[in-house]
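Student: below are the sequence and a predicted model for it; my questions follow.
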Amino acid sequence: MNSADLISMEKLCYSIGGRKILEDFDFCLERGVNRTILGVSGAGKTTILKLLLGLLQPDSGRVCIGETCITGVPESRFMELRKRIAIVFQGGALFDSMTVGENVGYRLFEEGRLSHAEIERIIREKLSFVGVEAALDLYPAELSGGMKKRVAIARALASNPDYIFFDEPTTGLDPIGVYNICNLILRLQSAGTTTLMVTHDLATAFSTSQRFTFLHQARMVFEGTEVQMKASDIPEVREFLQPTDQSLFV
């Protein structure tokens, strides 16, 4: 694997108010390998995404996009690199005052590199890909939860990223909404986009990823395939996969 196609963390430590979130954490996302980070709520899964994007700075260790270390570097120096990555936040994070079309094209309008006509074409193309082109002129308040997630995915796709990060993409959705989002993620992967997801929804994780990282008490305690995970004898992994009465209120 070419190092230019890797996003990685090396011996990374991060804490909040003296509480360790990550300790000596090593992580590698390879282009073309779709991965899910699993763990209980509050384990630090979303924090990993923010660190990988440079939105947070670690206490120690390194974060690299390709061969470039972004730790301690001004954001202006790695903005072009970060455009290879898009993120779909848990709540969608759409701008309430903008229409669906304006939300999807927001980044492109801000950059000012493309003509208005070209941006409009991209907006319609991405909305069509996620199946909500009819919502072009609606506002987020007029959308269902599932439609908001799909619009957020269209916005992430507008800049044609190599990687898309998903933060709990199916939380709060009904079974049809979950099916639609999982189907979209698989279509993205078929089109060559590499995905990284954080979730505690095992069905979504196993249907969309090939590799799994399990986070427990600030450390990676498992890394491997679904088959390896289900056969694991690590107590924390087994309890996560099959909770028992002993898990009650833990």
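Tutor: Perfect, I can see it now. Numbers count the residues shown, from 1 in each chain.
Student: just the helices in this structure please.
Tutor: Using DSSP state H, the helices of the chain run over 45-52, 79-82, 100-111, 116-130, 145-157, 175-190, 202-208, 226-230, 235-241.
Student: pick the most deeply packed of those helices.
Tutor: helix 145-157 (a mean of 24; mean count of other C-beta atoms under 10 Å). Just so you know, the C-beta spots here come from the backbone N, C-alpha and C atoms, and that holds for glycine as well.
Student: quick one: mean pLDDT over that one.
Tutor: Averaging pLDDT along helix 145-157 gives 91.
Student: chain center to the helix-or-strand element of the chain with minimal mean pLDDT, what's the gap?
Tutor: Lowest on mean pLDDT, DSSP states H and E among the helices and strands of the chain sits helix 79-82, with a mean of 82. Centre-to-centre, helix 79-82 and its host chain are 17 Å apart (C-alpha atoms, centre = their mean, to the nearest Å).
Student: how much space separates the residue nearest to Lys50 when sequence neighbours are not counted from Ile65?
Tutor: Of all residues not flanking Lys50 in the chain, Leu56 sits nearest, at 4.5 Å (C-beta to C-beta, 6 or more residues apart in numbering). As judged by C-beta to C-beta, to the nearest Å, Leu56 and Ile65 stand 15 Å apart.
Student: between these two, which one's more packed in?
Tutor: Ile65 (21 against 15; other C-beta atoms under 10 Å).
Student: hmm, Leu81 and the more buried one touching each other?
Tutor: Yes: the pair Ile65 / Leu81 is scored as a contact, 4.7 Å apart, by C-beta atoms under 8 Å.
Student: tell me, what's touching the two both at once?
Tutor: The contact sets of Ile65 and Leu81 do not overlap (C-beta atoms under 8 Å, 6 or more residues apart in numbering).
Student: so where's the chain uncertain?
Tutor: Counting by pLDDT under 70, the ranges of the chain that qualify are 1-3, 92, 245-250.
Student: repeat that with 80
Tutor: 1-5, 41-43, 76, 91-92, 244-250 (pLDDT under 80).
Student: nearest residue to Pro169 other than its sequence neighbours?
Tutor: Spatial nearest neighbour of Pro169, chain neighbours left out: Ile181 (5.2 Å); criterion: C-beta to C-beta, 6+ apart.
Student: could you do Leu241 as well?
Tutor: Lys230 (6.6 Å).
Student: just Arg35 next, same as before
Tutor: Using C-beta to C-beta, 6+ apart and skipping residues adjacent in sequence, the residue nearest Arg35 is Arg211, 4.5 Å away.
Student: same check on Gly39?
Tutor: Here the residue nearest Gly39, using C-beta to C-beta, 6+ apart, is Leu215, at 3.7 Å.
Student: pull out the buried residues from stretch 128-144.
Tutor: 129-130, 132-133, 135-136, 139-140, 143 (16 or more other C-beta atoms under 10 Å).
Student: which residues outside it are in contact with it?
Tutor: Contacts for stretch 128-144 (C-beta under 8 Å, 6+ apart): 92, 94-101, 103, 123-124, 127, 147-148, 150-151, 153-154, 157, 177, 180, 184, 187.
Student: and if you look at stretch 53-72?
Tutor: 3-15, 22, 24-25, 47, 50-52, 73, 75, 78, 81-82, 84-85, 87, 165.
Student: swap in stretch 91-98?
Tutor: The contact list for stretch 91-98 (C-beta under 8 Å, 6+ apart) reads 100, 102-103, 106, 139-141, 148-149, 151-152, 155.
Student: same list (those) but as CSV, adding distance to Phe240.
Tutor: Listed next are the contacts of stretch 91-98 as CSV, based on distance: C-beta to C-beta, whole Å:
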residue, distance to Phe240
Val100, 37
Glu102, 40
Asn103, 35
Tyr106, 37
Tyr139, 39
Pro140, 33
Ala141, 36
Lys148, 28
Lys149, 24
Val151, 31
Ala152, 27
Arg155, 32
